[in-house]
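everything below, folded, please.
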Amino acid sequence: MTQQTHGAPGGRAGRPRIQDTADDLVASVLATAGSRVGTRAFSTRRVAELTGLSQTVVSRAFRRLRRRGAEPAEPPRLAGPLELVELQVAFPRIRVVFGVAEAPAPAAQRTAADRRATALLAALRVAGVGQWAGGSEEVAEPGRERVAPGRLVHEWSPGRDWEAFLDAVAAGLDVAAPSLDAVPGDLLGLLAARVGRGLHGVDWRRDARRAPGETAVGEDPGNDSNRYSDSDQAFGVLSVPEYPAPGSAPERSRSAGRWLPHGELSVTEQIAIALRREIMNAGYRPGDRITAGPLAATLGLSAATVRTAMRRLADDGLLDSAAGGFSVPAVTGADVVDLYAARLHVGMVLLRGVAARPRHRMLPARLALGAVEAAARQGSGADVERADLQFQQELADASGLEQSARSFHALTLRVRMFISVLQLDYTPAAERIVADDRRLLTAVLEGRAEDAVRIWRAKLDNAVRHMSALAPEAFDAELWARLSR
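Take a look at the predicted model:
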């Protein structure tokens, strides 16, 4: 089989770069759509509107992602329409298993079923798993099938032919039953929630589907890595992953991965996340001492590594350090005003930059806005806060101003720590946050930079007053007015 470029069929020398870019964009949209991918919200027309591409280019991207006309080494040999029964992604192996469909397929579901198949292939494409390096070679040849009783098994590991593996999976989907259950919605939701972190840890089995909260035999009830909920589908993919996938490539996909929210974290950032969780869960208050031992056990790191990272957090003001120990920092009203004034002004620079960027650069921010909306409908106040801050960071990253975006990220880490220390509840503000974020995104998409700045100023004014109401000191309205001009 001829090797193809950028993971899509039909690649050839001289193909216009715009189509490759369009394939990346469309794949990211479909991979993060979850079970809704078969609805009208993800028709070629709606995806064209979302990405700013022409409908013709989007339609071509759909066909290329679906890999129509793929020629696997051997055609599927199972009789009857097929359905997916297993999908596992665990370094260094990917395993996709088809079985014979049990129920007859309603013809009315054919279009939606085909789009679900496209979304599955898109998720495999954009997750970057095809760039894994190293690992065992003791797996079946990709592109060739292994037929177990009533099963068709495709496996891949590093060093094998990735394109042949995708072609083989696409060929299996070609003969899948034209029904929604052939590629179930819970699988698509799980993929949507994990694609931003490389799909590592996905372990879906049709015969092991269970009710939310139910623990399988041998599963650690404290490990939620393989559980899935509606909220995971809605905004899990947009959350910053807390632990990088072991064995995953050091870089995200060089193509489609750049359209997804960023996911690489330093050890210090991982510890900051675990520390915020510890503060929230254990009810720590300002001045309480925190030791490295519990965090080291949680993260599977040495106590020395955690202490080094905690010293960096102390240098950044995220922890207090005295006499060789660490404690939860005090947060005053002046601290809140200072922090938000800095975020206000850096954010103004970023919004003026992002408003001048091409529309397709806003795709991660559009997806992040969907996460904010879903969190407001289905999640907790903490979910709304996390999704809102992620949305803000996606706008910052879309600006192309790397230094300012990096500064904004550092300020956001501090905001998250303040929220943890103050035990803030954003539930009452959820509707306002959604409305502000919608207006903000609309303004930058339409190139109205100064309107975006005005909306941003009002948004932060509301946020700082909310935070300062719970700070130990009274809110200094005069200081805020002076710094936020």
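
drop to CA atoms for contacts and neighbour counts, all remaining ones
Noted.

after the strand or helix carrying Asp167, which helix or strand is next?
Using DSSP states H and E, the element containing Asp167 is helix 162-174. Tracing the chain past helix 162-174, the next element assigned as helix or strand by DSSP H and E is helix 185-194.

so how far is the next helix-or-strand element following that following helix off the chain centroid?
As assigned by DSSP H and E, the chain's next helix or strand after helix 185-194 is strand 203-205. Distance, stretch centre to chain centre, for strand 203-205: 19 Å (Cα atoms, centre = their mean, to the nearest Å).

who touches strand 203-205?
Val85, Glu86, Leu87, Gln88, Val89, Leu187, Asn226 (Cα atoms under 8 Å, 6 or more residues apart in numbering).

same check on stretch 38-47?
26, 29-30, 36, 55, 58-59, 62, 111-113, 115-116.

what is the helix holding Asp167 packed up against?
On a contact count with 3 or more Cα pairs under 8 Å, 6 or more residues apart in numbering; DSSP states H and E, helix 162-174 meets strand 82-90, helix 110-126, strand 151-156.

switch those over to a markdown table; also include distance to Leu180, mean neighbour count and mean pLDDT.
Formatted as a markdown table, the helices and strands packed on helix 162-174 follow (distance: least, Cα to Cα, whole Å; neighbours: other Cα atoms under 10 Å; pLDDT from 0 to 100):
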| stretch | distance to Leu180 | mean neighbour count | mean pLDDT |
| --- | --- | --- | --- |
| strand 82-90 | 10 | 22 | 91 |
| helix 110-126 | 5 | 25 | 91 |
| strand 151-156 | 19 | 23 | 89 |
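
mind checking those for the one nearest to Arg432?
Closest of the helices and strands packed on helix 162-174 to Arg432 is helix 110-126, at 32.6 Å (criterion: Cα to Cα).

dump the closest one to PDB, restricted to CA.
Coordinates of each C-alpha in helix 110-126 appear next as PDB, following Å, rounded to 0.1, in the frame of the first residue of the first chain:
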ATOM      1  CA  ARG A 110     -27.000   4.900   8.300                       C
ATOM      2  CA  THR A 111     -25.700   8.600   8.000                       C
ATOM      3  CA  ALA A 112     -25.300   9.000  11.800                       C
ATOM      4  CA  ALA A 113     -23.600   5.600  12.000                       C
ATOM      5  CA  ASP A 114     -21.100   6.500   9.300                       C
ATOM      6  CA  ARG A 115     -20.300   9.800  11.000                       C
ATOM      7  CA  ARG A 116     -19.700   7.900  14.300                       C
ATOM      8  CA  ALA A 117     -17.200   5.700  12.400                       C
ATOM      9  CA  THR A 118     -15.500   8.800  11.100                       C
ATOM     10  CA  ALA A 119     -15.200  10.200  14.600                       C
ATOM     11  CA  LEU A 120     -13.600   7.000  15.800                       C
ATOM     12  CA  LEU A 121     -10.900   7.200  13.100                       C
ATOM     13  CA  ALA A 122     -10.500  10.900  13.800                       C
ATOM     14  CA  ALA A 123      -9.800  10.300  17.400                       C
ATOM     15  CA  LEU A 124      -7.100   7.700  16.600                       C
ATOM     16  CA  ARG A 125      -5.600  10.300  14.200                       C
ATOM     17  CA  VAL A 126      -5.500  13.300  16.400                       C
END
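
for Val100, grab the count of nearby residues.
Neighbourhood size, Val100 [other Cα atoms under 10 Å]: 19.

any idea how far His154 is from the spatially closest residue to it that is not a sequence neighbour?
Nearest residue to Val100, sequence neighbours excluded (Cα to Cα, 6 or more residues apart in numbering): Leu82, at 4.4 Å. As for Leu82, its distance to His154 is 14 Å (criterion: Cα to Cα, to the nearest Å).

same check on Ala376?
Taken as Cα to Cα, the span from Ala376 to His154 is 40 Å.

Val328 now?
Taking Cα to Cα as the measure, Val328 falls 51 Å from His154.

swap in Leu351?
46 Å.

just Ser404 next, same as before
Taken as Cα to Cα, the span from Ser404 to His154 is 45 Å.

how far does the strand or helix carrying Val337 sit from its chain's centre?
Take DSSP H and E as the rule and Val337 turns out to sit in helix 333-354. Relative to the mean C-alpha coordinate of its chain, helix 333-354 is positioned 25 Å out (Cα atoms, centre = their mean).

can you check stretch 450-461 too?
26 Å.

can you dump the C-alpha coordinates of it into CSV?
Presented in CSV, the C-alpha positions along stretch 450-461 are these (Å, rounded to 0.1, in the frame of the first residue of the first chain):
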residue,chain,number,x,y,z
GLU,A,450,-12.0,46.9,22.0
ASP,A,451,-15.4,45.3,22.6
ALA,A,452,-13.6,42.2,23.8
VAL,A,453,-11.4,44.3,26.1
ARG,A,454,-14.5,46.0,27.6
ILE,A,455,-16.2,42.6,28.2
TRP,A,456,-13.0,41.3,29.7
ARG,A,457,-12.7,44.2,32.1
ALA,A,458,-16.3,43.7,33.3
LYS,A,459,-15.8,40.0,33.7
LEU,A,460,-12.7,40.5,35.9
ASP,A,461,-14.4,43.3,37.8
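
nice, that's everything, thank you.
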